[in-house]
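Participant: Predicted coordinates and the sequence they were generated for:
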Amino acid sequence: MYLNKVQLIGNLTRDPEMKALPNGTKVTSFALATNRTYKDQSGAKKESTEYHNLVSFGRQAEVIAQYAKKGASLYVEGRLQTRSWDDKTSGEKKYRTEILVEQFQLGPRASGSGMSQSAPTSTGPAQKTEKQDDDFGGSIEYPDESINLDDIPF
């Protein structure tokens, strides 16, 4: 039995770059940073960062290029692939290990993006809200009142 599976939650280190193959297939490449906090032998708290190269194809590549921006949180599932080529300038054989994205989920939007992340306000009496943790360590506040379909703008 064999398994080649990668799961990461991290932040984009740069904006994704989308290109097209000669057959028209879209390809998006981007990098993700993941952090690890640990204690060293002396008990001091340390943090290390790993950088991962990722590649996505097709419609998925278009969505990532359109909506994911530098600093955004992203969850990805994929597989490892190493490719090699001969460097034309030095004549050396080069290698690059990448994660081919099979599934992904965009994380919460960063603060200051124009979207308010605060709880909804009410002109009536104070409303209790139920809090639930999301997958990225934040919390979502759900109002107790029901939603009026006429208030939805789309």
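Facilitator: Yep, it's here. Numbers count the residues shown, from 1 in each chain.
Participant: give me the number of residues near the residue lying closest to residue 67 once chain neighbours are set aside?
Facilitator: With sequence-adjacent residues excluded and distances taken as C-beta to C-beta, 6 or more residues apart in numbering, residue 67 is closest to residue 106, at 5.9 Å. Where C-beta positions appear, they are placed from N, C-alpha and C, glycine not excepted. Per other C-beta atoms under 10 Å, the neighbour tally for residue 106 reads 13.
Participant: Then residue 46?
Facilitator: Neighbour count of residue 46, defined by other C-beta under 10 Å: 10.
Participant: still on that earlier bit, wait, the residue nearest to residue 67 touches residue 68, no?
Facilitator: Yes. Look at residue 106 against residue 68 with C-beta atoms under 8 Å: they come within range, at 6.3 Å.
Participant: what touches both of those two?
Facilitator: Between them, residue 106 and residue 68 share these contacting residues under C-beta atoms under 8 Å, 6 or more residues apart in numbering: residue 74.
Participant: Identify each buried residue in stretch 21-39, please.
Facilitator: 26, 28-32 (16 or more other C-beta atoms under 10 Å).
Participant: Residue 60 should be in a helix, yeah?
Facilitator: Yes. With DSSP: H, G, I helix; E, B strand; the rest coil as the criterion, residue 60 is assigned to a helix.
Participant: and it, how many neighbours?
Facilitator: Count around residue 60 with other C-beta under 10 Å applied: 15.
Participant: Without its sequence neighbours, what residue ends up closest to it?
Facilitator: Excluding its sequence neighbours, the residue lying closest to residue 60 (C-beta to C-beta, 6+ apart) is residue 101, at 6.5 Å.
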